[in-house]
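S.K.: whatever this is, show me its structure:
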Amino acid sequence: NGIDNKPTEGPVGIWAYYSNNVTIQLNEAYDNKTSNGDGGGFDLDLGVTNSVMQYNYSHDNAGAGYMLWGAGGGNIVRYNVSQNDGRSNNIPAAAFTIGGASSGAQVYNNTFYISPTSSGAKPPAVKVINGLATLGFRNNIVIATGGSDLVRAESGATGVSTFQGNNYWTYGGAFNINWGGTNYSSLSAWRATGQEKNGANNTGLNVDPRLWDAGNGGTIGNANNLGNLNAYRLQSGSPMINAGLNLTASPWSLSVGSRDFYGAAIPFGGSYDIGAHEYSNLLANPSFDAENYDTQTPSGWSEWSGNNYNAGYTEAYGGSKFGARHGTHWNGSAYNMYTYQYKNGLANGLYTARVWAKSGGGQTACQFDVKDFGGTRIAVNIPVSSSYQLVEIKNINVTNGQCTVGIWSDAAANQWVYFDEVELVKQ
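M.R.: As a prediction, the model looks like this:
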């Protein structure tokens, strides 16, 4: 797609040019190529005003995942994900690129992930090019791996760019922001330029965002299923949760929309998160880490057994999916055990329940289930596996304001299941 392109303009997966009030949303753009310029995923280009790119997934494109080039005022880029865009070595190659006299752009609550290309090139996650008029860049997760720059801004663009409230993280390489030709090896050093400041207060973070599986989003292949992009969900212990700036308040006073990348209402719990995912799990202690010790009574959870209450507990043995501990069903004698949470006060509507689980197999029953929601119990078998597998129950139609989510085992002696990061979220 576009590999034989000769002009310096285009192709791009979806772009707008000399247009007003354009919305580009709920798309997946990938493997767009070029032999010269562009070759990106999404672009608001020359003369575009009052337009928005939102809730899109861009990956493995030659050019920028998301670009603003010569665009006018009122443009927004929000709640998108980019993974390993910038696969060529052309001018716009990055996860996000802006330049060409673009003005008044607001770029917030996106998740940008970049790694070196197969040829060894190291595109930056964020590229800011001379000629830019103004840029506000806030509440984004920016991840660079293998020595790629987190941000690379040309000298003529630094004075008109404002970075606030973002999280910058690197895997397999040092922290580096190239700001007008000067390299900064820490967030605190970069703040000396006036970035990541709100008046006298420091903003921004340099911490592991604790995503489910960053860099392994793959291809969805059907934009109706973008909610399956689980790699960029926040873990329950993520420091991104409730850490975002409230961009609806002064001095920003932005209208940020009503949802995140995954369709969850924003904000959840009264505060905004950083990145494209607004963590909205309704269950308490979902990763069994509330207590810093193994226990048979993890907070937030209840247990029922017909014959052996010792078979349910938390532990670190065998490894957790996220965090330090996981839930376990096991005993040296035959047992049945139900570990569950009951939630009431729910708004009626559709919900999804999830759990990461693995099992040694052989049980009479080893299931993830939901019940008490106004319909018939729904149970899904937990797969036999030596590694954690994601088990989901979608479209749970709550009609009575309540739901129970649990893990059920009916097992012989020494049969086991581990479970972690249990979720109940409104669709």
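
S.K.: look up phi and psi at residue 223.
M.R.: Backbone torsions for residue 223, taken as degrees, to the nearest 10, come to phi -70, psi -20.

S.K.: I should have written residue 353 there, sorry.
M.R.: Dihedral pair for residue 353: phi -110, psi 140, per degrees, to the nearest 10.

S.K.: nearest residue to it in space, ignoring adjacent ones along the chain?
M.R.: Excluding the flanking residues, the one nearest residue 353 by CB to CB, 6 or more residues apart in numbering is residue 393, at 4.6 Å. Quick note: C-beta positions are derived from backbone N, CA and C, even for glycine.

S.K.: what's the answer for residue 360, then?
M.R.: Spatial nearest neighbour of residue 360, chain neighbours left out: residue 416 (5.0 Å); criterion: CB to CB, 6+ apart.

S.K.: then residue 122?
M.R.: Distances taken as CB to CB, 6+ apart put residue 148 closest to residue 122, at 4.4 Å, once the chain neighbours are dropped.

S.K.: before we move on, back to that, give the next helix or strand downstream of whichever strand or helix holds the residue nearest to residue 353.
M.R.: Counting by DSSP states H and E, the element that carries residue 393 is strand 389-398. Later in the chain than strand 389-398, the nearest helix or strand by DSSP H and E is strand 402-411.

S.K.: report the mean per-residue pLDDT for the strand holding residue 393.
M.R.: Strand 389-398 comes out with an average pLDDT of 98.

S.K.: for it, which strands pair with it and how are they oriented?
M.R.: strand 349-359 (antiparallel) (DSSP bridges).

S.K.: strand partners (parallel or antiparallel) of the next helix or strand after the strand it pairs with?
M.R.: If you walk from strand 349-359 toward the C-terminus, the next helix or strand you reach (DSSP H and E) is strand 365-371. Within its sheet, strand 365-371 is paired with strand 378-381 (antiparallel), strand 402-411 (antiparallel), according to DSSP bridges.

S.K.: just name the most buried of those.
M.R.: Most buried of those by mean neighbour count (mean count of other CB atoms under 10 Å) is strand 402-411; its value is a mean of 23.

S.K.: how about it as CSV, C-alpha atoms only?
M.R.: Below are the C-alpha coordinates for strand 402-411, written out as CSV (Å, rounded to 0.1, in the frame of the first residue of the first chain):
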residue,chain,number,x,y,z
GLN,A,402,-26.1,-6.2,40.6
CYS,A,403,-23.6,-8.9,39.5
THR,A,404,-21.4,-11.5,41.1
VAL,A,405,-18.0,-12.3,39.4
GLY,A,406,-16.1,-15.4,40.5
ILE,A,407,-13.8,-18.3,40.0
TRP,A,408,-15.3,-21.8,40.7
SER,A,409,-13.3,-25.0,41.2
ASP,A,410,-14.5,-28.6,41.8
ALA,A,411,-11.3,-30.5,42.0
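
S.K.: report the rounded mean pLDDT for the helix or strand just after it.
M.R.: Per DSSP H and E, the first helix or strand lying C-terminal to strand 402-411 is strand 417-426. In this model, strand 417-426 has a mean pLDDT of 98.

S.K.: and strand 417-426, what does it pack onto?
M.R.: strand 326-329, strand 335-344, strand 349-359, strand 365-371, strand 402-411 (3 or more CB pairs under 8 Å, 6 or more residues apart in numbering; DSSP states H and E).

S.K.: off-centre distance for that strand?
M.R.: Computed by CA atoms, centre = their mean, to the nearest Å, the chain-centroid distance of strand 417-426 equals 17 Å.

S.K.: next, the angle from it to strand 365-371.
M.R.: Angle, strand 417-426 to strand 365-371, by axes from the mean of the first three to the mean of the last three CA atoms, to 10 degrees: 20 degrees.

S.K.: got a list of contacts for the strand holding residue 393?
M.R.: Residues from elsewhere that reach strand 389-398, judged by CB atoms under 8 Å, 6 or more residues apart in numbering: 230, 346-358, 368-370, 373-375, 378, 380, 382-383, 403, 427.

S.K.: again, but for stretch 200-211
M.R.: With CB under 8 Å, 6+ apart as the test, stretch 200-211 has contacts from 111, 141, 143, 163-169, 175, 186-187, 191, 195-197, 231-235, 237-240, 243, 245, 274-275, 322.

S.K.: which of these are buried?
M.R.: Among those, those scoring as buried are 111, 141, 143, 163-169, 175, 187, 191, 195-197, 231-235, 238-240, 243, 245, 274-275, 322 (criterion: 16 or more other CB atoms under 10 Å).

S.K.: sort out for me which of the residues you listed are in helices.
M.R.: Members of those lying in helices (criterion: DSSP state H): residue 187.

S.K.: returning to what we had before: mind putting the strands paired with strand 365-371 into TSV with mean pLDDT and distance to residue 255?
M.R.: Output for these, formatted as TSV (pLDDT from 0 to 100; distance: least, CB to CB, whole Å):
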stretch	mean pLDDT	distance to residue 255
strand 378-381	98	38
strand 402-411	98	32
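
S.K.: nice, that's everything, thank you.
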